[in-house]
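Q: Mind folding the following:
(one chain, ligands or ions: 1)
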Amino acid sequence: MIRTKILGLGSHVPDRVVTNEEIPYLDEQHVRQDTIQTETNDAWIQQRTGIKARRYVPNDGSVATSDLAALAAKKAIADAGIEPSDIDCIILGTLSPDFHFPGTAVLVQKKLGIDRTSCACFDIRQQCSAFVYGMQMADAFVRTGMYKRILLIGAELHSHSLDFTTRGRDVMVLFGDGAGAMVLGPSESDDPRTGIVYTSAHADGTGAMDLYLKIFEIQKLPYVGYNAKSREENEIIYPKMDGKRVFLNAVRGMVMSTQAALAKTGLSWDDIQWFVPHQANLRINEKVVEVAKIPPEKVLNTIEFYGNTTAATVPLTIDYWRQQGKVKRGDRILSSVFGSGFTWGAAIFTF
Ligand code: ACO
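A: Numbers count the residues shown, from 1 in each chain. The predicted model follows:
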């Protein structure tokens, strides 16, 4: 039976570091002003979220989500020791696509110079859960022999769609820009404890309006409401969140999917080197670790300095800690995620 393994990994974050000290002074163009634009502060942000800084793309309009995705993808392809032309499928998770349509995967295909006809392109919309959802799709494609070199990307450009006023502070302080990518393909090994060992994907649409960004409502005519003269009426273009419901459901979903992953594979924490949770909020991850009784020394986070990069957090975190010398080839990783939808899931894989 064909099994799937990870052939390569890469990530990219923009150079600009935005600290909690700077955040209150930024205007909507990300330019530091002398006076406070948003009533927030480092102590509040760190106490509730653990975040100290995040990365933003340049504010000159030169970078799109597909650019971040392509930069991470190039590194993953090089890490796999293959050429872009070897990729026969792209699965891209993002909640910040370049356009409403076409999807961003085809834009990445073009930027990587991948052959015009022999590569399938999928955009998937599971927000913070997209990387685990995409891994499940990629695993199924490889196992059935449908595709042999799959580029799985999570990429987000959040900083352009955040509300830099006190109205949007609960969401604005959480998010950063970044991308991560993996190349997946068939494994030579039959060992069920290597490669992609396990994936699960869940959803509960009753939570859909607890975390959303509308931009438009297709049932309305005109379907995009926008009044350039009134910032208040532009509320539809910013994310909305019920933070407490997201917090509770995230802990529940990540704990349940972590415990199910271990129960269904028969693995224990002795068999797992690293726990890589989605990076929404350090306090969510601390609660998951406590409730699911995860050995704290096995937990990898990057939220303190990258913020929440949604679909990118899992590959970004693994790649960061690989570069620090912690994660090594062959290590077994358990990842659990939760996001808007609600969507959640878990994966166990050897890197
Ligand atoms: N700075 C200062 N004060 C703030 C900020 C801010 N950035 N944001 C909200 N506040 C204020 C509120 O206005 C409120 O003030 P009030 O008491 O005068 O009315 C006070 O802080 C408390 O607000 P709450 O919303 O009750 O704060 P809470 O303790 O719930 O913390 C938070 C908010 C951090 C967002 C929390 O609910 C949370 O972490 N939820 C999870 C959300 C999350 O992680 N989302 C990430 C995206 S989803 C995902 O990736 C899974």
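Q: alpha carbons only for contacts and neighbour counts from here, please
A: OK.
Q: What residues does the stretch 151-300 of the chain have near the ligand?
A: By C-alpha under 6 Å from any ligand atom, the part of the stretch 151-300 of the chain that sits against the ligand consists of Arg169, Asp170, Val173, Gly243, Lys244, Val246, Phe247, Ala250, Ala280, Asn281.
Q: Now secondary structure and neighbour count too, for those residues, in TSV please.
A: Below are those laid out as TSV (DSSP: H, G, I helix; E, B strand; the rest coil; neighbours: other C-alpha atoms under 10 Å):
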residue	secondary structure	neighbour count
Arg169	helix	18
Asp170	helix	16
Val173	coil	27
Gly243	helix	12
Lys244	helix	10
Val246	helix	20
Phe247	helix	16
Ala250	helix	27
Ala280	coil	26
Asn281	coil	22
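Q: and for whatever helix or strand Gln109 lives in, what are the contacting residues?
A: Assigned by DSSP states H and E, Gln109 belongs to helix 104-112. Residues from elsewhere that reach helix 104-112, judged by C-alpha atoms under 8 Å, 6 or more residues apart in numbering: 65-67, 69-70, 74, 84, 90-92, 97-98, 115-116, 121-123.
Q: Which of those are buried? Put it as a ChimeraX command.
A: Selecting only the buried entries of those in ChimeraX, with 16 or more other C-alpha atoms under 10 Å as the criterion:
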select :65,66,67,69,70,74,84,90,91,92,97,98,121,122,123
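Q: before we move on, the earlier item: want to throw the residues of the stretch 151-300 of the chain next to the ligand into CSV with pLDDT?
A: Converted to CSV, these look like this (pLDDT from 0 to 100):
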residue, pLDDT
Arg169, 95
Asp170, 94
Val173, 97
Gly243, 90
Lys244, 92
Val246, 93
Phe247, 95
Ala250, 96
Ala280, 95
Asn281, 94
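Q: Name the spans of this protein whose pLDDT lies under the cut-off.
A: 226-234 (pLDDT under 70).
Q: try 90 this time
A: Low-confidence segments of the chain, defined by pLDDT under 90: 1, 115-118, 188-190, 215-217, 220-241.
Q: domain parsing for it?
A: 2-188, 196-350 (automatic domain parsing).
Q: Now do the same contact list for the residue of the stretch 201-350 of the chain found nearest the ligand.
A: When scored by C-alpha to the nearest ligand atom, the stretch 201-350 of the chain has Gly243 as its residue closest to the ligand, at 3.4 Å. Listed by C-alpha under 8 Å, 6+ apart, the contact partners of Gly243 are Asp170, Asp210.
Q: likewise Asp15?
A: Per C-alpha under 8 Å, 6+ apart, neighbours of Asp15: Arg55, Tyr56, Val57.
Q: Closest one of the residues you listed to Asn285?
A: Arg55 (20.5 Å; C-alpha to C-alpha).
Q: Helices of the stretch 1-150 of the chain, residue ranges please.
A: 42-49, 65-80, 104-112, 130-144 (DSSP state H, counting those that start in this stretch).
Q: can you tell which of the ones you listed is closest to the ligand?
A: Closest among these, once you apply C-alpha to the nearest ligand atom, is helix 42-49, at 4.8 Å.
Q: chain center to that closest one: distance?
A: Remark: helix 42-49 is offset 22 Å from the chain centroid, using C-alpha atoms, centre = their mean, to the nearest Å.
Q: And stretch 73-91, by the same measure?
A: 19 Å.
Q: And stretch 110-120, end to end?
A: 12 Å (C-alpha to C-alpha, to the nearest Å).
Q: buried residues in stretch 255-266?
A: Val255, Met256, Ser257, Thr258, Gln259, Ala261, Leu262.
Q: In JSON lines: those residues, plus secondary structure.
A: Shown next, in JSON lines, are the buried residues of stretch 255-266 (DSSP: H, G, I helix; E, B strand; the rest coil):
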{"residue": "Val255", "secondary structure": "helix"}
{"residue": "Met256", "secondary structure": "helix"}
{"residue": "Ser257", "secondary structure": "helix"}
{"residue": "Thr258", "secondary structure": "helix"}
{"residue": "Gln259", "secondary structure": "helix"}
{"residue": "Ala261", "secondary structure": "helix"}
{"residue": "Leu262", "secondary structure": "helix"}
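Q: Show me which pair in those is furthest apart.
A: Val255 and Leu262 (11.0 Å).
Q: Ile318: neighbouring residues, count only.
A: 27 (other C-alpha atoms under 10 Å).
Q: State the distance from it to Thr165.
A: Distance, Ile318 to Thr165, by C-alpha to C-alpha: 33 Å.
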